[in-house]
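Novice: one predicted model, sequence on top.
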2 protein chains.
Amino acid sequence: MNRLSEFMTKNKLKVEQVLLNAITSLDCPEKLQEAMIYSVKAGGKRIRPLLVMATAQSFDRNPERALEAGAALEMIHTYSLIHDDLPSMDDDDLRRGQPTNHKVFGEAFAILAGDALLTLSFGIIADSVNFTPEEKVKLIGLLAKASGAEGMVGGQAADIEGEEADLTIKELESIHVRKTGRLLEYAVKAGGIISGLDDRELNLLGDYAKHIGLAFQIRDDILDVEGDQNEIGKPVGSDEANKKSTYPALLGMEEAKRKLQYHIEKAHESLQKIHPEPDLLADIADLIASRTS
Amino acid sequence: MNRLSEFMTKNKLKVEQVLLNAITSLDCPEKLQEAMIYSVKAGGKRIRPLLVMATAQSFDRNPERALEAGAALEMIHTYSLIHDDLPSMDDDDLRRGQPTNHKVFGEAFAILAGDALLTLSFGIIADSVNFTPEEKVKLIGLLAKASGAEGMVGGQAADIEGEEADLTIKELESIHVRKTGRLLEYAVKAGGIISGLDDRELNLLGDYAKHIGLAFQIRDDILDVEGDQNEIGKPVGSDEANKKSTYPALLGMEEAKRKLQYHIEKAHESLQKIHPEPDLLADIADLIASRTS
């Protein structure tokens, strides 16, 4: 896993620099800018933009050209966390041990900071000097679909509606695909688009993203039962306490683990149909299967 | 004013059809779709998209090609009303005599419906078959700037911060330019971009938009003092009761009316520097100066 972690460490700082530059260069009210910066700085592993860059590295050997396509995605992810934490949504006071955006800046500014980040994500692609107009249009169209009513926002809506209900495994899967899977699909396809891949290859990357997204979620559910509280950073057993629909709850632990392996294998199969096989992406699949936090 | 009102009536329905088609064709949770449709249907005069189309008509004689650039703008306008009405923002229960979005669908769905409309506005431009990739990139870049932290969202933030303060006329003007002016600038420039205008002409259209935007706001403030309650649809004198900073309050009524005329004249001057002079846009400036509702 050395190759991957070296890549991640090196490029994480670059993503964060692009994100901060895009916001600090805005001519806008100070408090709004502070609220945007606060949540962007509170970010975690930057997995999504690094997935864009890892894909670009695999095919194009030029991951830096993908920076703004990744930063746009991280802005979408960040805005969604700000809005999800609001009192009328998940009503969370803390995220990664820090007060949530509305706890610091108030609800009105949290809503506006989210709206501004969402808007900026499309602006940063449109204004980039690193993409052709054709690439920009593909990236923006894909990002809008992945993050809007048919994607992430729709997944959040379905999640809220499903909270009270006993979900089937199919319904649970559909929510996960919308809520997190579509953004991962954007991530690898964006890296593929700017590397000039054809539709067949982009679709294989899309399959890969779907499988690692579901694997990620299953692993998350398993860790909530079997993980180390200190490593995962939240109390073990919180899903059961909150009566959340999870893979282990719906399928049993053994079957959930089998399903995790199935999706990791399927992810590898999709990659093996692409030549040359993108090694960094294969490493990411393995990392997801074995992660402990 | 016959030429203008004929144009408006004819094209209003077309805009509304494009808006509704874009939302009803989404594959997304039903309640989310309903919430989006509710607010789009509650819309008023569709001034913003019609301004896009009137500009395209003036130069290109093909206003229908501009429909999606206008629909995108109306989606932005609609989402901003949904979010502005939220309890943590303006806390309004009614808009145009109808219950506001969160009163019908709850706060969580109102936030999500707004997010989804904002996202779709960029998607509808990216997916359109009516624009070249170069036009799409220009439209999206301009719309992101006009509606984001440097434009509408920033204006809303400044407005919230300024609520308690005694504003100078310069501060008041800066808020109006951000909050409403930049979207009008997008409107005419979008119509100009797809008509193939050059930068000089686009800038003149931008000047025109700035002046009609300020004129519109001054007329609004004047009507709140001198208007007919039945025509404007809200109680006369509400600005004064709410201690809002307005042009008549800051400048006196006579000077406010002089300033209104000044901006209308300036709007006409900008248009006169473009050949052929766009008649529909001149009519719109006159309509703003004399409107009673």
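Specialist: Ah, there it is.
Novice: alpha carbons only for contacts and neighbour counts from here, please
Specialist: Noted.
Novice: what is the mean pLDDT for stretch A:284-293?
Specialist: Predicted confidence along stretch A:284-293 averages 88 (mean pLDDT).
Novice: CA atoms of that stretch as CSV?
Specialist: What follows is stretch A:284-293, C-alpha atoms only, in CSV (Å, rounded to 0.1, in the frame of the first residue of the first chain):
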residue,chain,number,x,y,z
ILE,A,284,-7.8,1.7,-3.4
ALA,A,285,-10.3,-1.2,-3.7
ASP,A,286,-8.0,-3.3,-1.4
LEU,A,287,-7.7,-0.4,1.0
ILE,A,288,-11.5,-0.1,1.3
ALA,A,289,-11.9,-3.9,2.0
SER,A,290,-9.4,-3.9,4.8
ARG,A,291,-9.7,-0.4,6.4
THR,A,292,-10.1,-0.2,10.1
SER,A,293,-11.1,3.4,10.3
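Novice: run the chain-centre distance for it.
Specialist: Distance, stretch centre to chain centre, for stretch A:284-293: 15 Å (C-alpha atoms, centre = their mean, to the nearest Å).
Novice: could you do stretch A:77-92 as well?
Specialist: Its chain's C-alpha centre and that of stretch A:77-92 lie 15 Å apart, by C-alpha atoms, centre = their mean.
Novice: alpha carbons only: can I get that stretch in PDB?
Specialist: Extracted as PDB, the C-alpha positions of stretch A:77-92 are listed here (Å, rounded to 0.1, in the frame of the first residue of the first chain):
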ATOM      1  CA  HIS A  77     -19.100  17.000  -0.500                       C
ATOM      2  CA  THR A  78     -18.400  19.900   1.900                       C
ATOM      3  CA  TYR A  79     -21.600  21.700   1.200                       C
ATOM      4  CA  SER A  80     -23.600  18.500   1.600                       C
ATOM      5  CA  LEU A  81     -22.100  18.000   5.100                       C
ATOM      6  CA  ILE A  82     -22.900  21.600   6.100                       C
ATOM      7  CA  HIS A  83     -26.600  21.200   5.000                       C
ATOM      8  CA  ASP A  84     -26.900  17.700   6.400                       C
ATOM      9  CA  ASP A  85     -25.800  18.900   9.800                       C
ATOM     10  CA  LEU A  86     -28.500  21.600  10.000                       C
ATOM     11  CA  PRO A  87     -31.100  21.300  12.900                       C
ATOM     12  CA  SER A  88     -33.900  20.500  10.400                       C
ATOM     13  CA  MET A  89     -31.800  17.700   8.800                       C
ATOM     14  CA  ASP A  90     -29.500  15.500  11.000                       C
ATOM     15  CA  ASP A  91     -29.200  18.200  13.800                       C
ATOM     16  CA  ASP A  92     -25.500  17.500  14.500                       C
END
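Novice: and it, is it in reach of chain B?
Specialist: Yes - Stretch A:77-92 reaches chain B (C-alpha under 8 Å from any C-alpha of the partner chain) through A:83, A:88-89.
Novice: longest helix in chain A, please.
Specialist: For chain A, the helix reaching the highest residue count under DSSP state H is reported as helix A:199-226.
Novice: got the buried residues for that helix?
Specialist: A:201-225 (16 or more other C-alpha atoms under 10 Å in any protein chain shown).
Novice: quick one on the thing from earlier: ranking the residues of stretch A:77-92 next to chain B by neighbours, who comes first?
Specialist: Within these, most neighbours by other C-alpha atoms under 10 Å in any protein chain shown means A:H83, with 26 neighbours.
Novice: pLDDT score for that residue?
Specialist: Looking at A:H83, the pLDDT reads 98.
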